[in-house]
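Engineer: got a sequence here, can you model it:
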Amino acid sequence: MKNTINYLFVSVFILGIILSGCNSAAEEISSSRETIAMAKENLEQAKQEYMENFNQFKLESDKQIAENEALIVKLKENIKSKKKATKEDYERSIANLEDKNMALKEKIREIKSENQDKWELFKEEFSYDLRELGKSIRNLAIVNVK
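Structural biologist: The predicted structure follows:
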């Protein structure tokens, strides 16, 4: 009899602990709604930051492309004083650089704010191409000065 009372007491005690530790359905629903609201807010904030970064990159790229165009114009002006043999080589080099600059200008103009993974890949490739084009223009300007 003593064992039965002890067993009953322990069972009631364990059941009490289990029931007191559980949230009610209303509390769980309320908690879930709060979590969903916070997730939506975080998503909107992330989208806004993404669009700000996207637009900032486009502005910086447009600025660099405009600087490249200005350098190309200067190269064209300076080439007039060159000898005929070297003049043709420089004109071809300048035309090539000008074509690359125009291709990058079109590429940045056509890009849409799509998937973030695609954007990051595009951004890396475009930045590399733009840097390399800038180096090529500066190198030609240095050779042109000599």
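Engineer: skipping adjacent residues, who's closest to residue 82 in space?
Structural biologist: residue 90 (6.1 Å; Cβ to Cβ, 6 or more residues apart in numbering). Just so you know, the C-beta spots here come from the backbone N, C-alpha and C atoms, and that holds for glycine as well.
Engineer: show me what the strand or helix carrying residue 77 is packed against.
Structural biologist: Using DSSP states H and E, residue 77 maps to helix 25-78. Helices and strands touching helix 25-78, by 3 or more Cβ pairs under 8 Å, 6 or more residues apart in numbering; DSSP states H and E, are helix 84-110, helix 116-145.
Engineer: those helices: which one's closest to residue 45?
Structural biologist: With Cβ to Cβ, the closest approach to residue 45 among the helices and strands packed on helix 25-78 belongs to helix 116-145: 14.1 Å.
Engineer: mean confidence score for the closest one?
Structural biologist: What helix 116-145 shows for mean pLDDT is 86.
Engineer: now the angle from it to helix 25-78?
Structural biologist: 20 degrees (axes from the mean of the first three to the mean of the last three Cα atoms, to 10 degrees).
Engineer: mind listing what's buried along helix 116-145?
Structural biologist: Buried residues in helix 116-145, counting neighbours by 16 or more other Cβ atoms under 10 Å, are found at 119, 122, 126, 130, 133-134, 136-137, 140, 144.
Engineer: just curious, which of those residues is nearest to residue 71?
Structural biologist: residue 137 (4.9 Å).
Engineer: gap between the closest one and residue 104?
Structural biologist: Note on residue 137: its distance to residue 104, by Cβ to Cβ, to the nearest Å, is 12 Å.
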